[in-house]
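Participant: Turn this into a structure:
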Amino acid sequence: MWVLNKHHVSVKKCCASCAFKDILFEGTRLCTKFHKKVDASSRCEMWEMSIGMQNAGFVNGGVVKDQVTKEIIID
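Facilitator: Below is the predicted model of the structure:
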């Protein structure tokens with residue numbers, strides 16, 4: 001499932017884009033809402049868009065980079 005942020009950028013509705021995710025030092029994801037380890041593709045009804053994803057596409061704000069090349073796709 002995908003949603004649009006206020007700058008019309010598509011954001012995948014999953015743990016990777018959630019405001020409640022925390023990445024632990026060993027690289028695993030922790031849901032701070034339920035205090036359990038989750039996968040990046042996990043999704044629950046408590047999902048909330050992270051600040052970074054809310055700002056993606058904002059002029060002088062967040063940017064979207066290609067995962068492989070790290071080139072800026074949307075700024």
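Participant: Tell me the spacing between the residue nearest the centre of the chain and Arg29.
Facilitator: Centroid check for the chain by Cα atoms, centre = their mean gives Ser17 as the closest residue, at 1.8 Å. Remark: distance between Ser17 and Arg29 (Cβ to Cβ, to the nearest Å) = 12 Å. The C-beta positions use only the backbone N, C-alpha and C, and glycine is treated the same way.
Participant: those strands in this protein, which residues are they?
Facilitator: 2-4, 10-12, 21-23, 29-31, 36-38, 64-65, 72-74 (DSSP state E).
Participant: Quick check: buried residues in the fifth one?
Facilitator: Going back to what we said before, that points to strand 36-38. Buried residues in strand 36-38, counted by 16 or more other Cβ atoms under 10 Å: Val38.
Participant: Any chance you could list what contacts stretch 22-36?
Facilitator: For stretch 22-36, the surrounding residues in contact (Cβ atoms under 8 Å, 6 or more residues apart in numbering) are 15-16, 18, 20-21, 37-40, 42, 44, 46.
Participant: Filter these down to the buried ones, PyMOL style.
Facilitator: Buried members of those, defined by 16+ other Cβ under 10 Å, are picked up in PyMOL with:
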select buried, resi 15+16+18+20+21+38+42
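Participant: Flag the shaky bits of the chain, pLDDT-wise.
Facilitator: 59-63, 75 (pLDDT under 70).
Participant: for Lys13, what are its contacts?
Facilitator: Here Lys13 is in contact with 1-3, 43, 47 (Cβ under 8 Å, 6+ apart).
Participant: Please check these and keep the buried ones.
Facilitator: The neighbour-count test (16+ other Cβ under 10 Å) applied to these identifies 43, 47 as buried.
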